[in-house]
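>>> Got a predicted structure here, sequence first:
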Number of protein chains: 2
Amino acid sequence: MTETGWKRRRVTIKDIAAAAKVDPSTVTRALQNSPRVRTATLEKIQRLAREMGYVPNMAARTLVTSRSSIIGLVLPDMTNPFFAELARGIEEEASKHSLRVLTRNTDGVEAAERDAIGFFTELKVDGLVIAMSRSSTEYFKTLETPVPVVHVNRDDLPHHVSCDRYAGSHQIVDHMLKVGHRRIALVTGPAGPAQQPKRTAYVDALHAHGIEYDPNYIFAFNGELQDTRRVVDELLALEHRPTAVFAWNDLCALGLIRHLSLRGLQVPDDISVAGHDDIAIARFMDPPLSTVHWPMYELGQESIRYLYQLRQNLPAQPPSIPSPTVRLRGSIKTLEP
Amino acid sequence: MTETGWKRRRVTIKDIAAAAKVDPSTVTRALQNSPRVRTATLEKIQRLAREMGYVPNMAARTLVTSRSSIIGLVLPDMTNPFFAELARGIEEEASKHSLRVLTRNTDGVEAAERDAIGFFTELKVDGLVIAMSRSSTEYFKTLETPVPVVHVNRDDLPHHVSCDRYAGSHQIVDHMLKVGHRRIALVTGPAGPAQQPKRTAYVDALHAHGIEYDPNYIFAFNGELQDTRRVVDELLALEHRPTAVFAWNDLCALGLIRHLSLRGLQVPDDISVAGHDDIAIARFMDPPLSTVHWPMYELGQESIRYLYQLRQNLPAQPPSIPSPTVRLRGSIKTLEP
DNA sequence: GAAAAAGATACAAACGTTTGTATTACGTTA
DNA sequence: TAACGTAATACAAACGTTTGTATCTTTTTC
């Protein structure tokens, strides 16, 4: 008749109630520090709960309150450092509000995204953070979730957290122009809300320096790292090879640098490269990557704060995130003036 | 009296029961394709459920069945590509069993780890995958979780999924020796189960080539990327500078290469570097990193399969994962013989 | 054609909380 | 000291499922 190894029943509120000779409802209230219960009783109950190793049953609680203290996070791929950073920001901030985060990857597939949203509503999450979704504006407009939703990097949707897509890109292209580059290639990524502002910034910056933009210097990158090889091939096939490239993002820049190197071109001596996002490894690349710092971690934090306000029907206004800034490191070369 | 915008009550099993003129219990059974209900009824109910937009209430289900279809994942930091890969493997495999994955980061802090485990039990997860935990063997041995636990990369614990820590390391050091290196430095990481096997493999490989290992060539790296700078400084301060370095992991290698470069040493021409883990960007580094491929994705998958067996009390034996293999790329130079 | 077997469905309790309301106990005031 | 207000606690219903058992039908068997 040994004690250990017995799969003993979990201790519930009723057990505590019995031990304290009190009604279960009183236990609940004591546990949430309600002023309705006398201090002495409250303390006794809390002590008992601790001693007996009480651990609340979330399911039961959720059933009656229909809130789960879970917030759902939908993103393309957390393996991508860019999103991983977001996830950390969200998690950190969520834990301050004692909210938990459940993450689903969608690989940018719209169906997966909708499925994830379905799952989360089923789970009665307290809120939803959706990052970089591919789904259409219409879909979200008609979507009736019983919970608040905050979108990250989707300026076109009602409740979003984002920052200036134009400014950073403009600034870094402008910088390249200022240090003497005249032929600058732009590598664009898969269609999405980030597409247009970057392109406009690029064109504008060129114009401001009296340069007409040349469509031949714009390359479409499909988002897969391997695809950078093709881009490099095309880029080097140009009659007047660009002296600088503004890459879709840092990962893209990484791939470009790699394949340029394979083709015998050193960055930045033979060609300059700028990235976007400033993922953690950017500064450890060789050469360290000059890039636009996109504050994913902070965006994550803000999205939770925003959600939190929304949740209690506060008159929440979209948080304002400072404009992204340019981080100059070693991958852009100053040309002779 | 418009329809839209009304916050209408969620449809429950009872609603369907009413609509189908049948008992709720029959609806439940129909929904889980029980043979106890007549085919005609079953189809009617399922159709109704679809039409009425029924979505099950997880909380209620969990309350009565005490299973949540959620499995908890505890890892140090999903921002780290190494663990991100694991998470994807787990998620992918879990979704095949229609299990969902909830992730918590612990930053390698033991307290955070225990808290996470507590939270997950509270949530009544169906299983727990714990990766690279710092907590002591004793803790886990005495830990009484009501759910099965699988450890990733913890060969010392009862239920684990891992692969040969010795083989890959031995192989890559052996390779460096074979191509002519004689002074090979080892960079070790923070204490953990991976520590000893790597070191032993290193020492053994040296011995096999008739070389006595020199403690001065072993460097302790604290796991923070910035710390690689110090390591490089110490390394270069050596009287007889090593011609090759076996780094703790790929990220460490990245940092080392970076700081070596800052000090004017090119990899692999001036010094060779080998990594460990083979994270996604390893092949895109400059030079592409020679490393030991550690199959985190597969380990993730296996951990779920294992968990699944454990969960139904099958006589589950730890899955066997093939030994990690060496991926030779450009970061190890062949010296003159 | 009656009894037995099987098939289909209904009943009811349970899971562990939370919360609005009812009740009791205790001071306070007139 | 009776009436009252308030503080503390108890009662009971509800949340939406699941599941063992009971009941009612239909089919099979002799």
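On my side now, so go ahead.
>>> Could you report the neighbour count for A:Asn33?
9 (other Cβ atoms under 10 Å in any protein chain shown). Yep, even glycine has a C-beta here, placed from its N, CA and C like the rest.
>>> how about the closest residue to it other than its chain neighbours, secondary structure?
Spatial nearest neighbour of A:Asn33, excluding adjacent residues (Cβ to Cβ, 6 or more residues apart in numbering or on different chains): A:Leu42 at 7.2 Å. Assigned with DSSP: H, G, I helix; E, B strand; the rest coil, A:Leu42 falls in the helix class.
>>> A:Leu42: how many residues sit nearby?
With other Cβ under 10 Å as criterion, A:Leu42 counts 19.
>>> near DNA strand C, which residues of chain A?
Contact residues, chain A versus DNA strand C (Cβ under 7 Å from any atom of the strand): A:9-10, A:12-14, A:24-25, A:28-29, A:31-32, A:54, A:56-57, A:60-61, A:63-65.
>>> Backbone torsions only: list them for the residue nearest to A:Asp156 when sequence neighbours are not counted.
In this structure, A:Asp156 finds its nearest non-sequential neighbour in A:Thr137, 5.4 Å apart by Cβ to Cβ, 6+ apart. Note on A:Thr137: its backbone torsions stand at phi -60, psi -40 [degrees, to the nearest 10].
>>> what's the burial count for the nearest residue to A:Thr12 once chain neighbours are set aside?
Nearest non-adjacent residue to A:Thr12, counting by Cβ to Cβ, 6+ apart: A:Asn57, 7.0 Å away. Per other Cβ under 10 Å, the neighbour tally for A:Asn57 reads 19.
>>> where along the stretch 201-337 of chain A do the helices fall?
Taking DSSP state H, counting those that start in this stretch as the criterion, the stretch 201-337 of chain A contains helices spanning A:228-237, A:250-262, A:296-311.
>>> Quick check: which of these is nearest to B:Ile279?
helix A:250-262 (12.4 Å; Cβ to Cβ).
>>> and the closest one, what does it pack onto?
helix A:81-96, helix A:228-237, strand A:272-277 (3 or more Cβ pairs under 8 Å, 6 or more residues apart in numbering or on different chains; DSSP states H and E).
>>> For DNA strand D, which of the ones you listed is the nearest?
Between DNA strand D and the helices and strands packed on helix A:250-262, the tightest spacing by Cβ to the nearest atom of the strand is seen for helix A:81-96, at 24.9 Å.
>>> So which bits of the closest one are buried?
A:81-91, A:93-95 (16 or more other Cβ atoms under 10 Å in any protein chain shown).
>>> export those to a markdown table and tack on distance to B:Lys333 and pLDDT?
Converted to a markdown table, those look like this (distance: Cβ to Cβ, whole Å; pLDDT from 0 to 100):
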| residue | distance to B:Lys333 | pLDDT |
| --- | --- | --- |
| A:Pro81 | 29 | 87 |
| A:Phe82 | 33 | 90 |
| A:Phe83 | 36 | 92 |
| A:Ala84 | 33 | 88 |
| A:Glu85 | 34 | 91 |
| A:Leu86 | 39 | 94 |
| A:Ala87 | 38 | 91 |
| A:Arg88 | 37 | 89 |
| A:Gly89 | 41 | 94 |
| A:Ile90 | 43 | 94 |
| A:Glu91 | 42 | 90 |
| A:Glu93 | 46 | 94 |
| A:Ala94 | 47 | 92 |
| A:Ser95 | 47 | 88 |
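>>> hey, where'd the strands end up in chain A?
A:70-75, A:100-105, A:127-131, A:149-152, A:160-161, A:184-188, A:218-220, A:244-246, A:272-277, A:290-293, A:325-327 (DSSP state E).
>>> so what strands line up beside the second one?
Looking back up the chat, that one is strand A:100-105. Its sheet considered, strand A:100-105 pairs with strand A:70-75 (parallel) by DSSP bridges.
>>> now the partner strand against strand A:127-131, angle please.
10 degrees (axes from the mean of the first three to the mean of the last three Cα atoms, to 10 degrees).
>>> Identify all contacting residues around strand A:70-75.
A:83, A:86-87, A:90, A:94, A:99-106, A:113, A:116-117, A:119-120, A:123, A:125-133, A:304, A:307, B:102 (Cβ atoms under 8 Å, 6 or more residues apart in numbering or on different chains).
>>> repeat that for 7 Å
Applying Cβ atoms under 7 Å, 6 or more residues apart in numbering or on different chains, the external contacts of strand A:70-75 come out as A:83, A:86-87, A:90, A:94, A:99-106, A:113, A:116-117, A:120, A:123, A:125-133, A:307.
>>> Between helix A:296-311 and that strand, find me the angle.
For strand A:70-75 against helix A:296-311, the angle by the same axes, to 10 degrees is 140 degrees.
>>> what about strand A:70-75, average pLDDT?
Taken as a whole, strand A:70-75 carries a mean pLDDT of 92.
>>> And for the nearest residue to A:Pro76 once chain neighbours are set aside, the neighbour number?
Among residues not flanking A:Pro76 along the chain, A:Gly108 sits closest, at 4.4 Å (Cβ to Cβ, 6+ apart). A total of 16 residues lie near A:Gly108 under the criterion other Cβ under 10 Å.
>>> Quick check: the gap between A:Gly108 and B:Asn33.
Computed with Cβ to Cβ, to the nearest Å, the distance linking A:Gly108 and B:Asn33 is 33 Å.
>>> next one: A:Glu85
Distance from A:Glu85 to B:Asn33, by Cβ to Cβ: 43 Å.
>>> again with A:Ile271
61 Å.
>>> likewise A:Thr106?
Counting by Cβ to Cβ, the gap between A:Thr106 and B:Asn33 amounts to 28 Å.
>>> Flag the shaky bits of chain A, pLDDT-wise.
Applying pLDDT under 70 to chain A flags the ranges A:1-8, A:142, A:144, A:316, A:336-337.
>>> Which residue would be the closest one in the stretch 151-300 of chain A to DNA strand C?
Nearest residue of the stretch 151-300 of chain A to DNA strand C (Cβ to the nearest atom of the strand) works out as A:His159 at 25.4 Å.
>>> which non-adjacent residue is nearest the residue in the stretch 151-300 of chain A that DNA strand D sits nearest to?
Per Cβ to the nearest atom of the strand, A:His159 is where the stretch 151-300 of chain A lies closest to DNA strand D, at 25.8 Å. Excluding the flanking residues, the one nearest A:His159 by Cβ to Cβ, 6+ apart is A:Val150, at 5.1 Å.
>>> The one you found against A:Ile304, yeah?
No: using Cβ atoms under 7 Å, A:Val150 makes no contact with A:Ile304, being 8.1 Å away.
>>> Looking at those two, which is more packed in?
Taking neighbours as other Cβ under 10 Å, A:Val150 and A:Ile304 compare with A:Val150 leading, 29 against 26.
>>> What is the burial count for whichever residue of the stretch 101-250 of chain A sits closest to DNA strand C?
Scanning the stretch 101-250 of chain A for proximity to DNA strand C using Cβ to the nearest atom of the strand identifies A:Lys124 as nearest, at 13.2 Å. Applying other Cβ under 10 Å, we find 20 other residues in the vicinity of A:Lys124.
>>> Kind regards, and thank you for your time.
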